[in-house]
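S.K.: Provided below are the primary sequence and the corresponding predicted coordinates.
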Amino acid sequence: MYASHYLARVCGELGIDLRHSTPYRPSGKGKIERFFRRVDQQVTHELQALIDHGDCRTLDDLNAYWEAWVDQSYHQQVHRSLNTTPQAAWERSLAEHPPRHRPVDEIQRIFLWQEQRKVDKTGVIQLAGNRYEVDLALTGKHVDCRYDPFTLAQVHIAYQGRDYAGDLVDRTASGPVGPRSQDGPRRPAACADSLCSAVPPTAGRRGGPPMSLSYWGFTHPPFRRELPVSDFFLSTQFVELAARLHLMVEDRLFGVVTGDIGSGKSSAVRYVVQQLDPTKNPVFYLAESQLTPFDFYSQILDGAGVTAAFHRSQARRQFVALMTDLYLHQHQAPVIIIDAGQGLLPRMVQELRFILNTSMDALTPFTCVLVGQPELRATLRLKTFEAIYQRVGLRFHLSGLNEADTAGYVTHQLQQAGVTRLLFTPSALKVLAIQSRGLPRVINHLATGALWDAESQGLPVVDEPQMHRAVGDWRDDG
């Protein structure tokens, strides 16, 4: 692959300088060996320890740990050959050489496979076991054929700078590329029939008319975000997370809450915050992916009505004085919530050591909750952040709802909208649970799309076909 004609052609058309190491010159190959040695020294042993402790069990866990090490450790260390960090070098290069944007259709065309064929006397070429009819003016010519190996209904023909179309006219029983469907040219084997089949144009497409409340008997739209915390669906995991958050507040702990996108992490935090007494537990909520230590201190101080000093060290002392005064003299235990923790800069993660180290690590006058996606766990397990990881008093991972809870969630949402009868068949709910992975945000989108699709066909309930079409629309499958 490193020296393929395909790679050379694609790089040439994209204007990318493709360079190969000079043969018999080992000095040009040492960089990758140096990287492998760094991985062996910093990753292998630590990863083995995680595996032995049961903290790395799946390929997703391994990928999350690897991404965290590359982003938070390797890219942030100064390289002698660069005299800076890879992250800084990359950002400087982007500033000096901004990326060139090309139309999507042009990029897709560049990445198509290409082969040369001779057009026979009947104006037909053979490619990948199929026969294609081209312009008769190309008879006897050698033409360039570009094609997608998984969708061979048509190929793009080029000859002397002009483009032609090649239409499928016959296909044989064998060929070197991909499996065949029963009713058309080849397509990927992983494409399920239920999702690759044609979707009727009326099937709940995005941007269609809004759902009719009167059709279903709703008093207000279901599956909405603007749901009062008192109307939240309390699944088993949600209740357990809320209990742990309350424990973090009571014992003034440093806690870590993780979960997939759309699993309800922020909703659970909001649910608990609404139950706190602001006179005893004032809440400071921060949600910035590129939060810096100075931003942290200044936002906390501003929220308390204190003007932050210009320098970080002075702002840090102001923060410590504020937290200590609130706890010892005003008998308040503040709650600091840092959301989007997976995007914190390495220096902000390191700053947590100083934030949590009050009175020589003898007093914690506040609660700190770090909320983020699953990769946050992998980041904190890095050896670089061992001091922070040891300070975690409680942690919880919020995963998706199971099939039973998904059905309960849908029923609860319908009841909140004023409907008590069942609008989804068991098979539709099963598809919903599988395709949404139990993530409430995705459930809301898919269930709303399926309701609109059923309404557009005049159906009394949502069945499996409507749910499949909602899934296809959500994934932009057609």
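M.R.: Arrived safely. Residues are numbered from 1 along each chain as shown.
S.K.: what sits up against the helix or strand hosting residue 271?
M.R.: Using DSSP states H and E, residue 271 falls within helix 265-273. By C-beta atoms under 8 Å, 6 or more residues apart in numbering, the residues outside helix 265-273 that reach it are 229, 232, 238, 241-242, 245-246, 249, 257-259, 283, 285, 335, 337, 339, 369, 371, 398, 440. Backbone N, C-alpha and C define where each C-beta goes, glycine included.
S.K.: list phi and psi for residue 392.
M.R.: When read as degrees, to the nearest 10, the backbone of residue 392 gives phi -70, psi 120.
S.K.: can you start the count at 403 instead of 1 from here on
M.R.: New numbering, starting at 403: the last item is residue 794.
S.K.: so what's it closest to, chain neighbours aside?
M.R.: Computed as C-beta to C-beta, 6 or more residues apart in numbering, the closest residue to residue 794 that is not its neighbour in sequence is residue 658, at 5.3 Å.
S.K.: try residue 831
M.R.: For residue 831, the spatially nearest residue (C-beta to C-beta, 6+ apart) is residue 809, at 4.9 Å.
S.K.: hmm, the one you found is touching residue 835, no?
M.R.: Yes: using C-beta atoms under 8 Å, residue 809 is in contact with residue 835, at 7.4 Å.
S.K.: looking at this, the residue nearest to residue 794 is in a strand?
M.R.: Yes: according to DSSP: H, G, I helix; E, B strand; the rest coil, residue 658 belongs to a strand.
S.K.: count of residues packed around it?
M.R.: By other C-beta atoms under 10 Å, 23 other residues sit near residue 658.
S.K.: one more: residue 638?
M.R.: For residue 638, using other C-beta under 10 Å, the count is 11.
S.K.: now the nearest residue to it once chain neighbours are set aside: phi and psi?
M.R.: Leaving aside its chain neighbours, residue 638 sits nearest to residue 807 (7.1 Å; criterion: C-beta to C-beta, 6+ apart). Here is the backbone geometry of residue 807 (degrees, to the nearest 10): phi -70, psi -30.
S.K.: tell me which residues touch residue 807, please.
M.R.: By C-beta under 8 Å, 6+ apart, residue 807 lies in contact with 637, 638, 639, 840.
S.K.: residue 809 and residue 835: which has the busier surroundings?
M.R.: residue 835 (21 against 18).
S.K.: which residues sit in contact with that one?
M.R.: For residue 835, the contact set (C-beta under 8 Å, 6+ apart) comprises 803, 804, 805, 808, 809.
S.K.: so where do the helices sit in the stretch 603-752 of the chain?
M.R.: Under the criterion DSSP state H, counting those that start in this stretch, the stretch 603-752 of the chain contains helices at 615-618, 638-653, 667-675, 695-705, 714-730, 748-758.
S.K.: can I get those in TSV with mean pLDDT?
M.R.: Below are the helices of the stretch 603-752 of the chain laid out as TSV (pLDDT from 0 to 100):
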stretch	mean pLDDT
helix 615-618	87
helix 638-653	94
helix 667-675	92
helix 695-705	92
helix 714-730	91
helix 748-758	90
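S.K.: dump those helices into a markdown table; add distance to residue 793 as well.
M.R.: A markdown table is the format used below for the helices of the stretch 603-752 of the chain (distance: least, C-beta to C-beta, whole Å):
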| stretch | distance to residue 793 |
| --- | --- |
| helix 615-618 | 50 |
| helix 638-653 | 13 |
| helix 667-675 | 20 |
| helix 695-705 | 16 |
| helix 714-730 | 16 |
| helix 748-758 | 5 |
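S.K.: which of the ones you listed sits closest to residue 464?
M.R.: Closest to residue 464 of the helices of the stretch 603-752 of the chain is helix 748-758 (C-beta to C-beta; 21.0 Å).
S.K.: the closest one vs helix 695-705, what angle?
M.R.: Helix 748-758 and helix 695-705 are oriented at 50 degrees to each other (axes from the mean of the first three to the mean of the last three C-alpha atoms, to 10 degrees).
S.K.: run the chain-centre distance for helix 748-758.
M.R.: Mean-position distance between helix 748-758 and its chain equals 25 Å (C-alpha atoms, centre = their mean, to the nearest Å).
S.K.: kindly report the same for stretch 827-841.
M.R.: The answer for stretch 827-841 is 20 Å, by C-alpha atoms, centre = their mean.
S.K.: which stretches of the stretch 453-602 of the chain have low pLDDT?
M.R.: Scanning the stretch 453-602 of the chain for pLDDT under 70 picks out 568-602.
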